[in-house]
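Peer 1: Give me the fold of what follows.
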Amino acid sequence: MSKAIAGNTVEVHYKGTLEDGTVFDTSHGREPLKFTLGGNAVIPGFEGAVLGMAIGESKTVTIPPEQAYGEYRDELVQTIGREHMPSDIDPAVGMRLQVQTPTGGTFPVTISEVTSESVTLDGNPPLAGKELTFEIEVVTIA
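Peer 2: I've put the predicted structure just below:
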């Protein structure tokens with residue numbers, strides 16, 4: 001039975017949970033996730049877990065932050081005055097926005113706090129600093 005190696009395109013079903021058991025993502029109920037091993041399409045720990053698996057094989061892995069979305073970085077959190085928010089946006093906690101960088105690019109942020117005077121923007125990925133557990137089943141290897 002062939003095992004998944006770098007360069008293979010695989011399809012997997014998965015369920016991702018946090019340490020408290022909360023499911024943050026799953027492929028069940030939809031098409032399996034398809035990606036090429038070595039293509040940097042998924043977090044490193046997930047890709048590493050799939051390497052060496054065979055079709056029909058299942059496993060559960062726990063991935064530390066440094067092999068997932070990185071550690072939580074306080075320097076990516078910024079509080080701005082509400083007057084700096086576009087007038088057409090009614091800020092709410094949990095809202096995802098794209099902010100423009102000084103070089104003209106964009107950067108995703110999540111609103112983490114709103115007061116009458118300010119809005120706190122968090123540029124960390126939502127799963128930064130979290131240990132992630134995945135149940136993975138390989139469906140195809142090509």
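Peer 1: How about the contacts made by the closest residue to residue 7 other than its chain neighbours?
Peer 2: Computed as C-beta to C-beta, 6 or more residues apart in numbering, the closest residue to residue 7 that is not its neighbour in sequence is residue 38, at 5.9 Å. Placement of C-beta: from N, CA and C, glycine included. With contact set as C-beta atoms under 8 Å, 6 or more residues apart in numbering, residue 38 has these partners: 6, 7, 47.
Peer 1: List the buried residues for the helix or strand bottoming out on mean pLDDT in the chain?
Peer 2: Scoring the helices and strands of the chain by mean pLDDT, DSSP states H and E places strand 96-100 at the bottom, with a mean of 92. Neighbour-count burial for strand 96-100, counted by 16 or more other C-beta atoms under 10 Å, picks out residue 97.
Peer 1: residues making contact with that strand?
Peer 2: Outside of strand 96-100, the residues within contact range by C-beta under 8 Å, 6+ apart are 89, 106, 107, 108, 109, 110, 111, 121.
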